[in-house]
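> mind folding the following:
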Amino acid sequence: MKKLITLVLVSMLALSLSACATTKGGDKARVKCPACGYEFEVPATPGN
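As a prediction, this is how the structure comes out:
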């Protein structure tokens, strides 16, 4: 039972992290504000 719970938790973690990854190539990431719904592009790397 402990192995099943661990497997489920690891799977949920992997899915949540893959949802955050950008799938498009390029140097800009598209972000949508959760409060107002406005979409804008930000640099993919910090400091650029």
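> now for this structure, the helix or strand with the poorest mean pLDDT.
strand 28-32 (a mean of 77; mean pLDDT, DSSP states H and E).
> tell me the mean pLDDT over whatever helix or strand comes next after that strand?
Downstream of strand 28-32, the first helix or strand assigned by DSSP states H and E is strand 39-43. Strand 39-43 shows a mean pLDDT of 81 in the predicted model.
> numbering from 29 from now on, please.
Sure, I'll start numbering at 29, so the last one becomes strand 67-71.
> re earlier: so what does the least confident helix or strand of the chain touch, helix or strand wise?
strand 67-71 (3 or more Cβ pairs under 8 Å, 6 or more residues apart in numbering; DSSP states H and E). For glycine as for every other residue, the C-beta is placed from the backbone atoms N, C-alpha and C.
> partners of the strand it packs on, with directions?
strand 56-60 (antiparallel) (DSSP bridges).
> buried residues of the strand it pairs with, list them for me.
Within strand 56-60, no residue is scored as buried using 16 or more other Cβ atoms under 10 Å.
> one more: stretch 33-48?
Taking 16+ other Cβ under 10 Å as the criterion, stretch 33-48 shows none as buried.
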